[in-house]
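Q: Provide a 3D model corresponding to the input given below.
(one chain, ligands or ions: 1)
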Amino acid sequence: VYLPALPRLDAVDRLVTSARAALFFAVLLLAVSRGHAADPRQPELAAPYVATPQSVMHAMLRLADVGPSDFVVDLGSGDGRLVITAVAQYGARGGFGVDIDPKLVQLANDNARKAGVADRVQFHERDLFATDVGDASVVMVYLLPTAMSRLEKKLVAELAPGTRVVTEDYPFRSWQPVRTLEVDTLDKLEISGQTLTQLYLYVVPAR
Ligand SMILES: C[S@@+](CC[C@H](N)C(=O)[O-])C[C@H]1O[C@@H](n2cnc3c(N)ncnc32)[C@H](O)[C@@H]1O
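A: Numbers count the residues shown, from 1 in each chain. Predicted coordinates for the structure are as follows:
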């Protein structure tokens, strides 16, 4: 994967950005735990909406080596960019995304129409933890660490051997990635307080 090298931050900058990232993460965790409804029937808020920057999105699609035989699923799909781009630019045969925010689901379906891929890409208002992922050959995940353990168990149990999973920023706890990739881009600074994005590629092993 070719990614243009960006200037590295010096040690002090790194310390400051790490502290900002830690603060950002603490605020997110607080928001998520406060948002956790007393009602256990409510879906778990696995992450607030933050769009993956374009450069990171392309790195994820290339890391998964998305091509014509793939059916791509994004769990927590936001504006739909990952699945739409997989089909429109990387030639994937189809895909879907799910999100608990109905406005984002509508936006994603509008974006799929605008990109001319609505016949192959659909977005649904659905809890990602209650979503059947069995048809996926590639799964994209950009969620908080609090959701990763539960999701890891679900994916290992449901996905066919050989399915690739790419996670952004946070790894699964027990599953070993087959590849990791660091993307250094200023696009991420506003989102996470640091320029580095860590990507993890997993492949479901044979049973
Ligand atoms: C960090 S955003 C990622 C958006 C998109 N995948 C991207 O990379 O641009 C996470 C998304 O997950 C959605 N989400 C959070 N909890 C969810 C759940 N239990 N089921 C479905 N979607 C969920 C949020 O509404 C949000 O749009």
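Q: residues from this protein in reach of the ligand?
A: Counting by C-beta under 6 Å from any ligand atom, the chain comes close to the ligand at 43-47, 49-52, 74, 76-78, 81-82, 98-101, 104, 127-129, 142-143. Every residue, glycine included, has its C-beta placed from N, CA and C.
Q: need the contact list for the nearest residue to residue 61 once chain neighbours are set aside.
A: The shortest distance from residue 61 to any residue that is not its chain neighbour, by C-beta to C-beta, 6 or more residues apart in numbering, is 5.4 Å, and that residue is residue 90. Residues in contact with residue 90, defined by C-beta atoms under 8 Å, 6 or more residues apart in numbering, are 61, 66-67, 70.
Q: Residue 205 now?
A: Under the criterion of C-beta under 8 Å, 6+ apart, the neighbours of residue 205 are residue 161.
Q: Same question for residue 64.
A: 70, 72, 138, 140, 164, 166, 201.
Q: The first one and residue 138, how far apart?
A: Okay, so that is residue 70. Separation of residue 70 from residue 138 (C-beta to C-beta, to the nearest Å) stands at 5 Å.
Q: Please spell out the ChimeraX selection for the buried subset of the contacts of residue 90.
A: Here is the ChimeraX command that selects the buried residues among these (16 or more other C-beta atoms under 10 Å):
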select :61,66,70
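Q: right, and out of the contacts of residue 90, which lies closest to residue 183?
A: Proximity to residue 183 was ranked across those by C-beta to C-beta; first place goes to residue 61, at 12.2 Å.
Q: send the alpha carbons of the helix or strand hosting the closest one over as CSV?
A: When secondary structure is defined by DSSP states H and E, residue 61 falls within helix 54-63. As requested, C-alpha coordinates have been extracted for helix 54-63 and formatted as CSV (Å, rounded to 0.1, in the frame of the first residue of the first chain):
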residue,chain,number,x,y,z
GLN,A,54,-10.9,9.7,2.8
SER,A,55,-7.2,8.9,3.0
VAL,A,56,-7.8,6.4,5.8
MET,A,57,-10.8,4.9,4.0
HIS,A,58,-8.7,4.2,0.9
ALA,A,59,-6.0,2.6,3.1
MET,A,60,-8.6,0.4,4.7
LEU,A,61,-10.0,-0.8,1.3
ARG,A,62,-6.5,-1.5,0.0
LEU,A,63,-5.5,-3.3,3.2
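Q: List the buried residues for that helix?
A: Going by neighbour count (16+ other C-beta under 10 Å), the buried part of helix 54-63 is 55-63.
Q: on that earlier part again, filter the residues of the chain next to the ligand down to the buried ones.
A: With neighbours counted using 16+ other C-beta under 10 Å, the residues of the chain next to the ligand contain these buried positions: 44-47, 50-52, 74, 76-78, 81-82, 98-101, 104, 128, 142-143.
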